[in-house]
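K.L.:
heads up, no residue letters with this:
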């Protein structure tokens, strides 16, 4: 299979219509929004229960849209299904068929809001990893002062060797170059602050490999630096990344909760809240997690984007946009090329 | 050395006056605030450069306060000193002498805003761990919906076995019982959400030990649950805990940053900000990290509280309060007793 390469012409993205908490009710409207946004440059393959998809399209008056292809899949992966069950028993799931579209070259990328474990296992089984990549990683964007930071891994790999962390750094760096147009993205390794007890062996060893590489490695960063924008790419193992990301979401919700409580305390605070409403709305928009929806599974021979399971129309459309951009820039081929150069350099040393 | 036991009479706390970013300028005023708050129940030993301490007390008009004892220490541990350097070369540091006061039974507890690594190493060396505790852990309180959660370890131990995580759970549970008056604090083990790939071996094994123990173990929690108040004590290894805590601080500051930006956008938003000021002030007070200052080093044969290095007067006073409460409840003796009961039960099984 040839890796997707950058192109100016139309991109085709396969969507797992049955995945996530809302399935067809969210995926179809989001798909239509994206088609309108990228008219003439995007074709979507809607994979899932064909009658339900056709029904949703008819209701939206888009049954005859030439940029929409419907592909039937007789099964769906549930949110609590184990990766191995999904692999073994759901060979005709909407998730698997969408990934197959990428494998077959019919689609340049696929998007699913389904169960992450099953998506990772199926994508890895069907598409395989790039040469030089042991394990794919999950990367997402996180808002930071002055822009955003990309962080990986976010839960695909709980125990990572130094070499894995290095591979994550390469992949994250290439993604930032491709999608953000950065020349030499600054890469940081997530660690804790105490001297002597600083970091575990894997992190210390990864720091040595990174310092010797031609990546723009900036050294260790701490949890709060992720949001300070001191680097463009933050590298960590999946356990730490997942906890950091979810803790951050937790803090953002508790602050929102406190804010609601304070503005609803009495008639005066309610009035103050009304007056401040336009400001609070802007604030909410800036911290809206839906804007950052769409985590990429990097290191595969193809583009797979994971949407949050509970994503709504706006959020899912952002995940499709991520897939569109990665396909347009040809991210897997870029990673492949970068790894190739790095390995020959390391061989030659 | 006898472990401190609960008492109604006066508590003595030794303060490392030279530690932290501000030393005497913050510690002395904070000490005076605490003395006023606990008049008749608290005696403070101010450890550090005697002339400077006496000078600060004279300026505050408190030279003759009988609840204040000044103890000279000729050295200070710097913030970038390694734990081993501090142990070897700073035998008369204010930090070490404050810990010695606890060891000698002159103080019921000590507080330092100095370098965490040095504090942990010195406390462990001087005080030793309780029987059945391999490694001390750092615990702090984190605001959550409806109250707060206690979380440990926060950075003392980067690689933890299942048994270590279990010991942390016992210590955290006892602390919540002692300080929050809870009967059976709910304990959760921090993990990530994906099935199959859920957790590393240590976490899975710790879950089994916890489920078999008589602690009120509730199962796995995720990063966002820490702030949802679903459990009272969250257990994790020090790397993960440190990253989670610092990421949370990072998110809180970026939200505060966005809020300032939005309210300073133009004359209308500034006006809205003025009107909402009382509400915003209450919000700031609720999320003020100074209110949560004072992390305890648990598992030692004595009470050691770590203040944030950058703590101001209000924050440092909160750390002294934490030490005061732990001493009043006799936390180390409670942990010791609980461990003793648990070990005899495990032996008898």
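P.N.:
Sure thing, it's come through. All figures in this text were calculated on a predicted structure; none of them were measured in a lab.

K.L.:
The residue of the stretch 51-200 of chain A found nearest chain B: how many residues sit nearby?
P.N.:
When scored by CB to the nearest CB, the stretch 51-200 of chain A has residue A:192 as its residue closest to chain B, at 4.0 Å. All C-beta spots, glycine's among them, are computed from the backbone N, C-alpha and C. Using other CB atoms under 10 Å in any protein chain shown, residue A:192 is surrounded by 26 other residues.

K.L.:
how about it, what does it touch?
P.N.:
Going by CB atoms under 8 Å, 6 or more residues apart in numbering or on different chains, residue A:192 touches A:198, A:199, A:222, B:155, B:158, B:238, B:239, B:242, B:243, B:246.

K.L.:
Make TSV from those and add secondary structure and pLDDT to it.
P.N.:
Output for the contacts of residue A:192, formatted as TSV (DSSP: H, G, I helix; E, B strand; the rest coil; pLDDT from 0 to 100):
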residue	secondary structure	pLDDT
A:198	coil	66
A:199	coil	72
A:222	coil	91
B:155	coil	82
B:158	coil	80
B:238	helix	90
B:239	helix	91
B:242	helix	90
B:243	helix	91
B:246	helix	90
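
K.L.:
Let's have those in TSV, adding neighbour count and distance to residue A:210.
P.N.:
Formatted as TSV, the contacts of residue A:192 follow (neighbours: other CB atoms under 10 Å in any protein chain shown; distance: CB to CB, whole Å):
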residue	neighbour count	distance to residue A:210
A:198	17	15
A:199	19	13
A:222	20	16
B:155	27	22
B:158	20	19
B:238	25	23
B:239	28	18
B:242	27	20
B:243	28	18
B:246	24	21
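
K.L.:
Turn those residues into JSON lines, columns for distance to residue B:285.
P.N.:
Converted to JSON lines, these look like this (distance: CB to CB, whole Å):
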{"residue": "A:198", "distance to residue B:285": "34"}
{"residue": "A:199", "distance to residue B:285": "35"}
{"residue": "A:222", "distance to residue B:285": "26"}
{"residue": "B:155", "distance to residue B:285": "27"}
{"residue": "B:158", "distance to residue B:285": "34"}
{"residue": "B:238", "distance to residue B:285": "30"}
{"residue": "B:239", "distance to residue B:285": "31"}
{"residue": "B:242", "distance to residue B:285": "26"}
{"residue": "B:243", "distance to residue B:285": "27"}
{"residue": "B:246", "distance to residue B:285": "22"}
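
K.L.:
Return the closest of the residues you listed with respect to residue B:71.
P.N.:
residue B:155 (28.6 Å; CB to CB).

K.L.:
just checking, that closest one touches residue B:242?
P.N.:
Yes. The criterion here is CB atoms under 8 Å, and residue B:155 meets it with residue B:242 at 3.8 Å.

K.L.:
Between the two, which contacts overlap?
P.N.:
Joint contacts of residue B:155 and residue B:242 (CB under 8 Å, 6+ apart) are A:192, A:193.

K.L.:
for stretch A:282-294, how far is the first residue from the last?
P.N.:
Terminal residues of stretch A:282-294 lie 22 Å apart, using CA to CA, to the nearest Å.

K.L.:
Strands of the stretch 101-250 of chain A, residue ranges please.
P.N.:
Taking DSSP state E, counting those that start in this stretch as the criterion, the stretch 101-250 of chain A carries its strands at A:109-112, A:137-144, A:147-152, A:186-190, A:216-221, A:233-235.

K.L.:
Is it possible to get JSON lines of the ones you listed that adds distance to chain B, mean neighbour count and mean pLDDT?
P.N.:
Listed next are those as JSON lines, based on distance: least, CB to the nearest CB, whole Å; neighbours: other CB atoms under 10 Å in any protein chain shown; pLDDT from 0 to 100:
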{"stretch": "strand A:109-112", "distance to chain B": "14", "mean neighbour count": "31", "mean pLDDT": "97"}
{"stretch": "strand A:137-144", "distance to chain B": "7", "mean neighbour count": "24", "mean pLDDT": "91"}
{"stretch": "strand A:147-152", "distance to chain B": "10", "mean neighbour count": "22", "mean pLDDT": "92"}
{"stretch": "strand A:186-190", "distance to chain B": "6", "mean neighbour count": "25", "mean pLDDT": "95"}
{"stretch": "strand A:216-221", "distance to chain B": "10", "mean neighbour count": "18", "mean pLDDT": "94"}
{"stretch": "strand A:233-235", "distance to chain B": "10", "mean neighbour count": "30", "mean pLDDT": "97"}
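
K.L.:
and residue A:282, which of the ones you listed is closest to it?
P.N.:
Among these, strand A:137-144 sits nearest to residue A:282 (CB to CB), with 13.7 Å.

K.L.:
Parallel or antiparallel, list what pairs with the closest one.
P.N.:
In the sheet, strand A:137-144 lines up against strand A:147-152 (antiparallel), strand A:295-298 (antiparallel) (DSSP bridges).

K.L.:
What lies in contact with the longest one?
P.N.:
So that's strand A:147-152. Applying CB under 8 Å, 6+ apart, the external contacts of strand A:147-152 come out as A:137-142, A:168, A:171-172, A:175-176, A:185, A:226-227, A:229, A:231-236, A:241, A:244-245, A:292, A:298.

K.L.:
cool, and the last one?
P.N.:
Outside strand A:295-298, the residues that touch it by CB under 8 Å, 6+ apart are A:119-120, A:123, A:136-140, A:152, A:154, A:156, A:168, A:171-172, A:175, A:303-307, A:322, A:326, A:331, A:335.

K.L.:
Quick one: mark the members of the residues you listed that sit in helices.
P.N.:
Among those, the residues falling in helices (DSSP state H) are A:119, A:120, A:123, A:168, A:171, A:172, A:175, A:322, A:326, A:331, A:335.

K.L.:
okay, and for the stretch 201-349 of chain A, where does confidence drop off?
P.N.:
The model of the stretch 201-349 of chain A has pLDDT under 70 over residues A:346-349.
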